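In: Compute the structure for the input listed below.
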Amino acid sequence: MAGSTLGTIWKVTTWGESHGKGVGVVVDGCPAGLKLEEGDIQEYLDRRKPGQSRFTTKRQEGDKVEILSGVFEGQTTGAPISMVVWNQDQRSKDYSNIMNVYRPGHADFGFDAKYGIRDYRGGGRSSGRETIARVAAGAIAACFLKSLGITVTAYTKSIGPYDVNPERFDIKERDQNSFYMPDNETAALAAEYVEEMMSKTDSVGGVVECVIDGVPAGLGDPVFDKYDAALAKAVMSIGAVKGFEIGDGFQASRALGSENNDSFSGKDERGAKKRTNHAGGILGGISDGTQVVFRAAFKPTASIAQTQKTINRQGEELEVQVKGRHDPVIVPRAVVVVESMAALTTADLLLSNMASRLDKIQAFYGC
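Out: Take a look at the predicted model:
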């Protein structure tokens with residue numbers, strides 16, 4: 001199975017299945033000398049793990065990470081960093097009724113069409129549990145970025161029809177409610193809405209917004225390896241993401257050039273200063289030194305307990321009711337996943353950017 005590796009210099013390869021022995025990741029290209037302990041990674045995994053509220057799956061997993069290589073006496077050695085989280089609470093029997101059935105909204109049919117075999121227990125590699133590996137790797141990238149004065153902060157912008165009110169936006173409130181919303185009042189309304197959908201055995205989607213602060217100007221290449229294109233690839237690779245936009249995104253299509261263009265107002269050590277940021281911090285695929293702002297749209301959780309029409313492997317029509325323990329809304333647990341993918345992408349581009357100019361190379365080597 002190809003496609004499990006991301007990155008050019010900072011490379012990440014994930015492995016494992018939802019109901020296998022565990023899920024893990026190998027991070028290669030992380031510079032030596034970065035202070036790192038399991039606790040730095042666990043902090044991120046705890047934001048993703050199940051069972052945090054009544055709005056998440058009841059699967060009981062501690063999601064405790066083990067670093068197997070690449071770290072010695074609290075510092076990275078420059079060697080590949082291998083990590084694993086062992087699965088503890090699988091209930092594979094919950095999936096026995098869909099062994100030969102394609103669940104609506106899932107990757108089941110695509111896996112069969114491509115490989116001729118699939119792990120039906122929780123979706124195998126297409127399960128949201130694969131994101132454990134992304135978050136573990138992303139936590140390391142976030143530590144690396146922090147050492148350079150760069151922060152990545154994601155939060156839930158909307159759940160169903162309920163959007164964060166800009167006038168009440170307070171990032172300090174993000175971790176005070178079950179939805180990771182920087183607006184407790186809207187979070188309370190969203191909770192009522194999700195409760196109502198749960199009573200109808202239905203699910204809900206939403207939008208995650210992410211802000212990358214402190215990025216210097218010059219990241220990204222102007223053709224196929226644009227910064228925003230790299231972010232789009234990384235974020236769109238998250239299961240259930242169906243839309244990506246940066247800056248004003250689709251709203252820019254309704255604006256005039258005179259409204260959408262960001263006027264410059266000077267420079268600082270990071271790059272340009274702008275009076276507005278409709279571009280989301282990236283111009284021509286290259287960071288301009290202002291905040292990078294993007295959003296990811298998540299579809300409603302595909303696994304719902306309602307009876308749905310589908311087909312089996314023989315193409316026969318039938319009805320299926322999905323069993324198991326599933327999130328009625330995956331957006332809250334996906335916030336840290338979006339953060340992680342943004343951190344990984346940015347870390348890789350920072351390392352690639354070091355070779356973009358001769359004077360930078362000469363300065364590094366003291367020439």
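
In: show me where pLDDT drops low in the chain?
Out: 50-61, 89-96, 324-325 (pLDDT under 70).

In: so where do the strands sit in the stretch 251-367 of the chain?
Out: Chain-ordered strands for the stretch 251-367 of the chain, with DSSP state E, counting those that start in this stretch as the definition, fall at 264-267, 272-274, 282-283, 286-287, 292-298, 307-311, 317-321.

In: next one: the stretch 51-200 of the chain
Out: Secondary structure of the stretch 51-200 of the chain, counting by DSSP E, counting those that start in this stretch: strands at 65-69, 71-72, 75-76, 81-86, 151-159, 162-163.

In: Can you add distance to residue 9 and mean neighbour count and give these back as CSV?
Out: (Glycine included, C-beta is placed from N, CA and C.) Shown next, in CSV, are those (distance: least, CB to CB, whole Å; neighbours: other CB atoms under 10 Å):
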stretch, distance to residue 9, mean neighbour count
strand 65-69, 19, 16
strand 71-72, 19, 16
strand 75-76, 14, 18
strand 81-86, 14, 21
strand 151-159, 18, 23
strand 162-163, 38, 20
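
In: possible to save the ones you listed as CSV with distance to residue 27?
Out: Below are the strands of the stretch 51-200 of the chain laid out as CSV (distance: least, CB to CB, whole Å):
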stretch, distance to residue 27
strand 65-69, 10
strand 71-72, 10
strand 75-76, 9
strand 81-86, 4
strand 151-159, 16
strand 162-163, 35
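
In: Out of those, which is closest to residue 194?
Out: Proximity to residue 194 (CB to CB) singles out strand 151-159 among those, at 6.7 Å.

In: What pairs with the closest one, parallel or antiparallel?
Out: strand 162-163 (antiparallel), strand 206-213 (antiparallel) (DSSP bridges).

In: now for the ones you listed, which one comes closest to residue 133?
Out: Closest among these, once you apply CB to CB, is strand 206-213, at 18.8 Å.

In: what comes up buried for that closest one?
Out: Residues 206, 207, 208, 209, 210, 211, 212, 213 are the ones in strand 206-213 that count as buried (16 or more other CB atoms under 10 Å).

In: and what of stretch 270-282?
Out: Using 16+ other CB under 10 Å as the burial criterion, the residues of stretch 270-282 that qualify are 270, 271, 272, 274, 277, 278, 279, 280, 281, 282.

In: Relative to residue 5, which of these is nearest.
Out: Minimum distance to residue 5 across these is 24.3 Å, recorded for residue 282 (CB to CB).

In: Quick check: bridge partners of the closest one?
Out: Going by DSSP bridges, residue 282 is paired in beta bridges with residue 287.

In: which residues touch it?
Out: Neighbouring residues of residue 282 by CB atoms under 8 Å, 6 or more residues apart in numbering: 220, 226, 227, 228, 246, 247, 288, 292.

In: Return the distance of it relative to residue 18.
Out: 35 Å (CB to CB, to the nearest Å).

In: How about residue 110?
Out: Distance of residue 110 to residue 18, given as CB to CB: 16 Å.

In: out of the two, which sits in the busier spot?
Out: residue 18 (22 against 12; other CB atoms under 10 Å).

In: wait, the more buried one sits on residue 131?
Out: No. Contact criterion CB atoms under 8 Å: residue 18 and residue 131 do not qualify, at 10.7 Å.

In: related to what we said a few turns ago, out of the buried residues of stretch 270-282, which is nearest to residue 300?
Out: The closest of the buried residues of stretch 270-282 to residue 300 turns out to be residue 280 (CB to CB; 26.0 Å).

In: of the contacts of residue 282, closest to residue 361?
Out: Of all the contacts of residue 282, residue 361 sits closest to residue 220, with 18.6 Å by CB to CB.

In: which residue sits closest to that closest one, ignoring its sequence neighbours?
Out: residue 227 (3.0 Å; CB to CB, 6 or more residues apart in numbering).

In: Kindly report the same for residue 24.
Out: Counting by CB to CB, 6+ apart, residue 84 is the residue found nearest to residue 24 once chain neighbours are left out, at 4.0 Å.
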